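Enquirer: Sequence and computational prediction follow.
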Amino acid sequence: MNATVSILTEIPEVLHDCLKDYLQQHPDWDENRVLTAAVSLFLLQNAEGDRRVAQVYLETLFHHC
């Protein structure tokens, strides 16, 4: 990925708690990587097909970003 954009958002506390637990158990992941994977997967499933989104998703999963 060439460029990134910062996003400030609020999430329900229960999601934050689960995210913290997940990140403690998976030290190779961080909040940015989880959120990038989640948004790209959502777009892959619910938007018009875009190869760039698929590329971001796969790079995020396999940590090539």
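Expert: Looks like it arrived, so ask away.
Enquirer: Can you show me the strands along this structure?
Expert: Along the chain, counting by DSSP state E, no stretch forms strands.
Enquirer: so what pLDDT did the residue of the chain positioned farthest from its centre get?
Expert: Distance from the C-alpha centroid of the chain, by Cα atoms, centre = their mean, peaks at residue 48 (18.6 Å). At residue 48, the model reports a pLDDT of 85.
Enquirer: Where does pLDDT dip in this protein?
Expert: The chain contains residues with pLDDT under 70 at 1-2, 64-65.
Enquirer: for it, what's the longest helix?
Expert: Looking across the chain with DSSP state H, the single longest helix is helix 31-46.
Enquirer: so how far is that helix from its chain's centroid?
Expert: 4 Å (Cα atoms, centre = their mean, to the nearest Å).
Enquirer: that older thread, next, give phi and psi for the residue farthest from the centre of the chain.
Expert: phi -60, psi 140 (degrees, to the nearest 10).
Enquirer: Give me the contacts around the longest helix of the chain.
Expert: 7, 19, 22-23, 50, 53-54, 56-57, 60-61, 63, 65 (Cβ atoms under 8 Å, 6 or more residues apart in numbering). All C-beta atoms are positioned from the backbone trio N, CA, C, and that covers glycine.
Enquirer: Weed out the non-buried ones from those residues.
Expert: Buried subset of these (neighbour count, 16 or more other Cβ atoms under 10 Å): 19, 53, 56, 57, 60.
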